[in-house]
Structure formats: C-alpha cells, structure tokens
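Participant: no sequence on this one, just coordinates:
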C-alpha cells in the first residue's frame with residue numbers, strides 16, 4: 001500500500017461552559033446570603049429611620065410626614081414573613097436590591113443580545129459601594145431602585161417590542177411601576193425625563209407619535225396610583241411635599257461650605273456611590289471596545305444623566321446627599337457594560353468578587369474590634385458602618401423592667417430617636433407614645449404631627465418622661481411633680497427615665513400669649 005490511514009484519535013467534546021445567567025444566579029444567591037449574614041452578625045440595631053419606618057408599618061396609611069407609604073408597606077410584609085428582628089425588618093429590602101441586580105442583567109441581555117453584557121452590568125451594579133451599603137438596610141431606596149430597574153426593562157420593551165400590542169402593554173407596565181416607585185420615594189418623578197428624551201429621539205412619524213402616546217398613558221397610570229397619597233397630603237396641608245421641597249429645592253444655602261466645595265463633595269459622593277470597579281470600567285471602555293449602537297447608548301444615558309444633572313444643579317446650594325441620585329446606578333452600569341468587551345467578563349467577575357469581599361469586611365469592622373489588640377480597636381470603631389445604630393436597644397433594655405412593672409402608661413419622649421427606637425425596643429409593652437415639642441405650631445417630624453403631647457392626652461397621670469440626657473426644664477415644669485426613676489447608657493447613648501404626675505400646665509410664654 002502506498003499509504004496508510006492513521007487511526008483517528010478519540011475526540012472528547014469539551015464540557016459546555018455554564019451559562020452566564022446561571023453563574024449570575026449563583027452569585028446573587030451568595031450575595032444575598034452574605035448580606036443577610038452581615039446584618040445578622042453585626043450585633044447592631046436599626047437606624048433611626050428604619051425604626052421610624054417600622055413604627056409606620058404598625059399603622060399603614062396612604063402617607064407619612066416625610067415619605068410616601070411604600071417603605072412602610074414593604075416592612076409590614078417583611079416582618080409578617082420573618083418577624084420583628086432586625087433581620088426581619090430588613091429582609092425584603094435586602095432582597096429588593098438583589099432583584100434589581102437580576103433585572104439589570106435581563107435588560108442588558110435583551111438590549112445587546114449577549115448574556116455577557118447583562119452579566120457585566122449586573123456585576124458592576126452589585127459590586128458598587130452604593131448597592132453594598134444601601135443594600136444592607138431598609139430604606140426607601142430599596143423599593144425605589146427595584147421599581148426603577150423594572151421600569152427600565154419595561155421602557156426598553158415599550159420602545160422595541162415586536163408589535164404595537166406588546167409595546168402598549170409595556171408602556172402600561174412602566175406606568176404602574178412609575179406609580180409604585182412614586183409611592184416609595186418622590187425621586188421616581190425623574191423617570192419621565194428619561195422617557196421624554198427617548199420619545200423625542202424616535203424617528204419622525206408613527207414611531208414618535210406612538211412613543212408620546214405611550215408616555216402619556218404611563219404618566220396617567222402613575223398619577224392614578226399616586227392619587228391616594230396626594231389626597232392624604234392635601235387633607236393635612238401637604239406635609240410630605242413640603243418636607244421633600246425643604247430638603248431639595250428649598251434647602252438653598254443650607255450647606256456649610258463654599259459652593260465649589262459642595263459641588264466637589266457631590267461629585268466625589270457620586271464616584272464613591274459607583275465605586276472603583278465602575279471607574280475602572282469607564283477608563284477601560286474608552287480603550288477596549290468600539291462604541292455600541294446609538295440607540296442602546298442613548299437609552300442607558302437617558303436613565304443616568306437627567307437625575308445626575310439635577311443633583312449637580314442642586315449641589316452648590318445645599319449639603320450634598322449622593323444617595324439622592326442612587327437611581328443613576330443601573331443606567332450608569334448598563335452604559336459601562338455596553339462599552340466593555342464581553343470577553344473581559346471573567347476578569348470583571350473576579351474584580352466584583354474582590355470588591356464585594358472588601359465591602360463585607362468593612363461592614364464587619366465594628367464587630368472585629370472585639371478581637372483586635374487594644375491599640376487597633378479604636379481605629380476599627382471609626383470604620384464601623386453601624387456605629388449610629390448601636391446602643392439604643394441596649395440602653396432601652398436597661399430601663400425596660402421599670403417600665404414593664406408599671407403597666408400601661410403614656411410615654412413622653414423629647415426626640416425622634418426615642419420616639420422611633422423606643423416603640424421598637426419596647427414593642428411588647430402596652431404604651432402610648434407622645435412627642436414633646438416646645439414649639440407645637442411647627443412640626444419637626446412625623447411624631448409631632450400624629451402624636452403630640454397635649455393636655456387631653458396627658459390627663460391620666462402618672463406618666464413616663466423618657467429623654468436623651470437630662471430633660472429640658474420646660475418639660476419638667478409642665479407637671480406638678482417629677483422624679484427621676486433610672487438612667488441608662490450604652491455606647492454613645494445616654495437616657496433618663498422620669499415619672500411625672502399632675503395635670504399638664506402651660507408654659508409661661510404660652511400663658512402670656514393667651
């Protein structure tokens with residue numbers, strides 16, 4: 001034979017790689033477990049805002065002094081499922097951030113047609129300090145970001161659906177999400193700015209007319225869902241809208257620094273909100289990959305730039321609050337993912353894992369100090385993310401036996417801290433909480449509005465006076481007799497418990513005014 005055929009070597013098919021979606025699902029499950037573990041292991045209590053939201057969740061209403069009712073409803077559902085522990089209060093809020101990440105993955109994949117793009121956007125979002133820190137607590141940002149991310153997905157479908165019926169349904173879904181987002185936080189009102197930008201950029205003719213009609217329908221549905229909150233506000237003189245205006249456009253000249261310094265602080269805050277991985281992605285995207293299609297790029301920027309610019313305009317006139325523009329994160333991460341090379345996904349995943357480990361370590365810094373040498377313990381305390389949440393439950397627990405032994409009573413407190421933390425810490429006791437406000441004509445917070453101390457409410461004495469530090473003399477003068485029962489302290493918290501008897505008396509300035 002002139003030649004021979006060499007025996008063929010057996011071929012082994014390569015093991016198929018796990019799809020990006022499955023990797024992301026596993027990663028999100030791990031992230032959820034880490035965040036729940038961080039909260040459970042922190043040993044800290046609730047933030048004053050969280051404790052206040054918990055109080056709201058006990059009496060659900062269409063609105064509250066400083067916020068719409070979304071966060072109260074979320075906490076009511078969370079505690080109904082998981083109990084009233086700190087973890088139970090925060091569970092659904094933490095899950096909301098995980099679901100927002102999953103929605104961003106779904107949107108990126110739908111826009112680019114590549115699972116790697118969606119995974120990259122989700123990794124950038126999950127690894128950001130904004131999501132890592134805010135994703136550990138029960139704040140209004142949790143339902144807001146969930147509604148915002150879902151509305152982005154619905155908006156893409158509304159503009160690129162396969163037929164008119166699908167697009168119309170998507171606009172209706174976007175409108176419902178707008179309303180739900182507004183019922184969580186009024187920042188959601190910036191969403192229609194993105195819609196208007198995208199509608200104006202549609203081709204002339206039928207596509208543009210359809211987009212504007214869909215936008216109008218979405219706005220109508222959103223307004224309809226917000227209507228109960230607006231009616232509630234109108235019945236009480238618009239407290240939520242006035243509070244929101246006071247801390248945003250009405251807060252001119254509240255900042256302590258120069259306008260340029262406040263502007264720089266705002267920009268730095270936004271950079272910290274996005275985190276080092278997002279900054280690296282921004283730099284890498286300029287060198288690594290050609291720009292995506294203008295439609296995808298415009299869509300991502302539409303949900304980023306308007307709110308970012310609003311914050312930029314307000315920053316020179318008020319103390320910067322970067323979390324106010326937290327909804328820019330999904331759009332920003334999506335825009336960065338569209339510009340990155342999907343082949344770098346593995347590198348991004350490892351970087352995201354490193355960032356997540358770093359944020360988790362920082363969240364545990366306050367508890368690690370108990371195992372550190374004495375010289376290092378104070379330094380670890382400065383890194384404690386939970387330091388403002390420590391001490392309240394412990395100090396209140398010291399006073400609880402005296403309060404419980406006396407049975408049902410009125411409790412008068414002199415600060416929002418106590419009016420929020422107190423009912424949570426003593427939630428098993430039959431107490432009626434009231435706010436001491438030396439200027440009752442001006443509401444300082446929710447409790448001044450719904451539970452003020454009046455002569456009628458204080459008719460049945462004796463009652464408790466619970467104060468941060470020593471009580472104001474004006475408060476003690478309101479009663480015929482007062483005596484201190486006990487004091488308590490823990491970390492930065494120092495409390496005093498007094499017993500007061502006798503009918504409530506007007507102050508001298510009140511008597512003179514009469």
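Facilitator: Alright, I've got the coordinates. Owing to the predicted nature of the structure, the values given are computational and were not obtained by experimental measurement. Numbering: from 1, shown residues only.

Participant: please make it C-alpha for all contacts and neighbour counts, starting now.
Facilitator: Noted.

Participant: grab the most central residue of the protein for me.
Facilitator: When Cα atoms, centre = their mean is applied to the chain, the residue found nearest the centroid is residue 141 (2.5 Å).

Participant: any idea of the mean pLDDT in stretch 273-281?
Facilitator: Per-region confidence: stretch 273-281 scores 88 on mean pLDDT.

Participant: what does that stretch contact?
Facilitator: Here stretch 273-281 makes contact (Cα atoms under 8 Å, 6 or more residues apart in numbering) with 124-125, 127-131, 271, 322-323, 326, 329, 333, 336-337, 340, 351-352, 355.

Participant: again, only this time at 7 Å
Facilitator: Applying Cα atoms under 7 Å, 6 or more residues apart in numbering, the contact partners of stretch 273-281 are 124, 128-130, 329, 336.

Participant: equivalent analysis for stretch 216-232, please.
Facilitator: For stretch 216-232, the external contacting residues (Cα under 7 Å, 6+ apart) are 62-63, 68, 171-172, 174-176, 178-180, 182-183.

Participant: next: stretch 26-41.
Facilitator: Stretch 26-41 is contacted from outside by 87, 98, 136, 360, 363-364, using Cα under 7 Å, 6+ apart.

Participant: among the residues you listed, which ones are in helices?
Facilitator: Among the contacts of stretch 26-41, the members found in helices (DSSP state H) are 87, 98, 360, 363.

Participant: from the residues you listed, which one has the minimum pLDDT?
Facilitator: Within the ones in helices among the contacts of stretch 26-41, pLDDT reaches its minimum at residue 363, with 75.

Participant: ranges for the helices of the stretch 201-350 of the chain?
Facilitator: Along the stretch 201-350 of the chain, counting by DSSP state H, counting those that start in this stretch, helices occupy 206-235, 239-247, 259-274, 276-288, 294-302, 305-314, 328-339, 345-363.

Participant: just those helices: most buried one?
Facilitator: Highest mean neighbour count among these (mean count of other Cα atoms under 10 Å): helix 328-339, with a mean of 26.

Participant: angle of that helix against helix 294-302?
Facilitator: Computed by axes from the mean of the first three to the mean of the last three Cα atoms, to 10 degrees, the angle separating helix 328-339 from helix 294-302 equals 150 degrees.

Participant: give me the angle between helix 328-339 and helix 305-314.
Facilitator: Using the same axes, to 10 degrees: helix 328-339 against helix 305-314 is 130 degrees.

Participant: centre of the chain to helix 328-339, how far?
Facilitator: 20 Å (Cα atoms, centre = their mean, to the nearest Å).

Participant: quick one: mean pLDDT over that helix.
Facilitator: Averaging pLDDT along helix 328-339 yields 92.

Participant: so what's residue 384 scoring on pLDDT?
Facilitator: pLDDT, residue 384: 76.

Participant: now residue 284
Facilitator: The model reports residue 284 with a pLDDT of 76.

Participant: for the closest residue to it other than its chain neighbours, grab phi and psi.
Facilitator: The shortest distance from residue 284 to any non-neighbouring residue, by Cα to Cα, 6 or more residues apart in numbering, is to residue 340 (7.1 Å). With angles defined as degrees, to the nearest 10, residue 340 sits at phi -90, psi 150.

Participant: sorry, back to before: how about the contacts of stretch 26-41, which pair is most distant?
Facilitator: Based on Cα to Cα, the longest span within the contacts of stretch 26-41 runs between 98 and 364 and measures 20.1 Å.

Participant: residue 67 contacts residue 240, doesn't it?
Facilitator: Yes: the criterion here is Cα atoms under 7 Å, and residue 67 meets it with residue 240 at 6.0 Å.

Participant: residue 432 should be in a strand, yeah?
Facilitator: Yes: under DSSP: H, G, I helix; E, B strand; the rest coil, residue 432 falls within a strand.

Participant: can you read off the pLDDT for the residue lying closest to it once chain neighbours are set aside?
Facilitator: Once flanking residues are discounted, residue 432 sits nearest to residue 410: 4.7 Å by Cα to Cα, 6+ apart. Note for residue 410: predicted pLDDT of 93.

Participant: relative to residue 436, how far out is residue 410?
Facilitator: According to Cα to Cα, to the nearest Å, residue 410 and residue 436 sit 12 Å apart.

Participant: repeat for residue 29
Facilitator: Per Cα to Cα, residue 29 is found 45 Å from residue 436.

Participant: swap in residue 449?
Facilitator: Per Cα to Cα, residue 449 is found 11 Å from residue 436.

Participant: and what of residue 301?
Facilitator: From residue 301 over to residue 436 the distance is 47 Å, taken as Cα to Cα.

Participant: on that earlier part again, residues near the residue nearest to residue 284, how many?
Facilitator: Residue 340 has 27 neighbours, counted by other Cα atoms under 10 Å.

Participant: repeat for residue 39
Facilitator: 21.

Participant: now name the helix or strand holding it.
Facilitator: Assessed by DSSP states H and E, residue 39 sits inside helix 20-42.

Participant: mind checking the SS state of residue 465?
Facilitator: What three-state DSSP gives for residue 465 is strand.

Participant: ok, it touching residue 412?
Facilitator: Yes: using Cα under 7 Å, residue 465 makes contact with residue 412 at a distance of 4.9 Å.

Participant: what is the burial count for residue 91?
Facilitator: Residues within reach of residue 91, counting by other Cα under 10 Å, total 26.

Participant: for residue 151, that is, sorry about that
Facilitator: Residue 151 has 24 neighbours, counted by other Cα under 10 Å.

Participant: that one contacts residue 177, correct?
Facilitator: Yes: here residue 151 lies in contact with residue 177, judged by Cα under 7 Å, at a distance of 5.8 Å.
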